[in-house]
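Student: Just need the structure, nothing else, for what follows:
(one chain, ligands or ions: 1)
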Amino acid sequence: MKKYIHASIYGDSESKEILVENGRFKAIGNDLGNADEVIDLEGRLVLPPYVDPHLHLDYIFSGLGEGNANVSGTLFEGIQRWSENKKSLTEEIVRERALKGIQKELSHGVQFIRTHVDITDPNLTGMKALIKLRDELKDIVTLQLVAFPQEGFFRYKGAEQLMEQALEMGADVAGGIPHFEISYEQGVESLKRIVDMAIRHMVMIDIHCDENDDPNSRFLEVLNALVMEEDYGPYTTASHTCSFGSVENSYANKMLGLFKESSINFISCPTENAHLQGRGDTYPKRRGLTRVKELLNNDNNVAFAQDSIADYWYPLGNGNMMNILDNGIHLAHYTHIDEINKAFDLITYNGANIMRVNDAYGIEAGKPANFIVLDAQDAYEAIRERAEVLASIRNGEYLFRREPRKNEIEVDFLKL
Ligand SMILES: O=c1cc[nH]c(=O)[nH]1
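Tutor: Numbering: from 1, shown residues only. This is a model prediction of the structure:
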């Protein structure tokens, strides 16, 4: 039995102690009695592990070393360059890249990842490699795989059959990309078929939806209507929805009412979409963000995600969710002190809700002892200082532990 004392637990201002036994939380509270080992956290912040609910592990590092391969910096050029590059892909390459990406994310305190996997490939190379990794690594990271038709459900010949195949192989989620189909009608029809397929296979839905600046892009409205009719909103996520940041207010207000009814989830990728969107603008230049704050105030579940690391869509990224959170709350004006104090929800609980892993997630007696410790005393300090993750614990065991950085260097500026 291990006891962590002097903890500052996110969302629980009363409890200071955590008792762990046989890989699970035994009790959370105060004066919890004796333990074989006592670890003093010295008031540091304890959170459930970070969740990255939208990543592309099969693309990760594919653009590394190619400099500005994507010259226009747009989504469409990213898709074209990937399409050219992926012809030489092997399972070994995907495995190697994905492992490097997972390693990066783990080292920043992530333990739950939903990754899209391109199924517009006759050999389903990425899906095969990632299914193996999902099973191999399940004790250290929870991976969820989205069968994602990157080159279009209709636009890529045979994608529908490949998606069926991927779901039969064990993909966890059905994906889509209606704004990349060749017409509005085909985009709508792709959504109908994907929703139908997901319900038939009893899997969740996560659509790349309206990832553009077009205020008339309407696939979010269509997706929401389809899943609302089937009571499938809580199992559905609309990713990106950048165009919803550009629509007119009266339309947005109507849609917010419908999103509330459907309980559809949202994922915003603030750094990647700040990079990809606004490329057709002069000034003012849009920043690619959906209406994050309004959706949260509407009681819709919204999470932030990394999306890409050094691939054809985005040259940067390192799996550090603190970086994503910091950028995201700035872009979304989610910066009132009350908002900052609860902002960690965007990279923890809200992502876990999307992945529907709640039974195994959170600092509660009986759940697996998965948590992280940050080098800060509370949420506000952690976000303001971009605090480092000092330890990541999975099933009661350390995935890693590091010493606090001595970053309080006293500069005696008066003597300079
Ligand atoms: O943002 C992204 C990244 C990869 N693929 C997409 O379609 N969009």
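Student: neighbours around whatever residue of the stretch 301-416 of the chain ends up closest to the ligand, how many?
Tutor: Closest to the ligand within the stretch 301-416 of the chain is residue 313: 4.1 Å, counting by CB to the nearest ligand atom. Every residue, glycine included, has its C-beta placed from N, CA and C. Per other CB atoms under 10 Å, the neighbour tally for residue 313 reads 28.
Student: can you give me the helices in the protein?
Tutor: Per DSSP state H, the chain carries helices over the ranges 75-85, 91-107, 125-136, 159-169, 184-201, 219-229, 249-262, 270-276, 292-297, 321-331, 337-342, 349-355, 379-384.
Student: Make a markdown table out of the ones you listed and add mean neighbour count, mean pLDDT and distance to residue 373.
Tutor: Shown next, in a markdown table, are these (neighbours: other CB atoms under 10 Å; pLDDT from 0 to 100; distance: least, CB to CB, whole Å):
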| stretch | mean neighbour count | mean pLDDT | distance to residue 373 |
| --- | --- | --- | --- |
| helix 75-85 | 18 | 94 | 36 |
| helix 91-107 | 19 | 98 | 14 |
| helix 125-136 | 20 | 98 | 26 |
| helix 159-169 | 18 | 98 | 37 |
| helix 184-201 | 18 | 98 | 37 |
| helix 219-229 | 21 | 98 | 38 |
| helix 249-262 | 14 | 98 | 35 |
| helix 270-276 | 25 | 98 | 25 |
| helix 292-297 | 19 | 98 | 26 |
| helix 321-331 | 21 | 98 | 14 |
| helix 337-342 | 13 | 98 | 19 |
| helix 349-355 | 24 | 98 | 17 |
| helix 379-384 | 18 | 98 | 11 |
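Student: Which among the ones you listed is found nearest to residue 150?
Tutor: helix 75-85 (6.5 Å; CB to CB).
Student: Dump the closest one to CSV, restricted to CA.
Tutor: Provided in CSV are the C-alpha atoms of helix 75-85 (Å, rounded to 0.1, in the frame of the first residue of the first chain):
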residue,chain,number,x,y,z
LEU,A,75,-5.1,21.4,-45.3
PHE,A,76,-5.5,20.5,-48.9
GLU,A,77,-1.8,20.6,-49.7
GLY,A,78,-1.2,18.5,-46.6
ILE,A,79,-3.6,15.8,-47.9
GLN,A,80,-1.9,15.9,-51.4
ARG,A,81,1.6,15.6,-50.0
TRP,A,82,0.6,12.8,-47.7
SER,A,83,-1.1,11.0,-50.6
GLU,A,84,2.2,11.1,-52.5
ASN,A,85,4.3,10.0,-49.5
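Student: Start the count at 33 instead of 1 going forward.
Tutor: From this message on, residue numbering opens at 33, which makes the last subject helix 107-117.
Student: Return the distance of it from the chain's centre.
Tutor: In terms of CA atoms, centre = their mean, to the nearest Å, the centre of helix 107-117 is found 22 Å from the chain centre.
Student: outside of that helix, which residues touch it?
Tutor: Residues outside helix 107-117 that contact it (CB atoms under 8 Å, 6 or more residues apart in numbering) are 91, 94-95, 101-103, 150, 182-183, 212, 243-244, 308, 343-346.
Student: So which of the residues you listed belong to strands?
Tutor: Among the contacts of helix 107-117, DSSP state E puts residue 150 in strands.
Student: re earlier: not counting residues beside it along the chain, what's closest to the residue of the stretch 333-448 of the chain closest to the ligand?
Tutor: Spatial nearest neighbour of residue 345, chain neighbours left out: residue 110 (3.8 Å); criterion: CB to CB, 6 or more residues apart in numbering.
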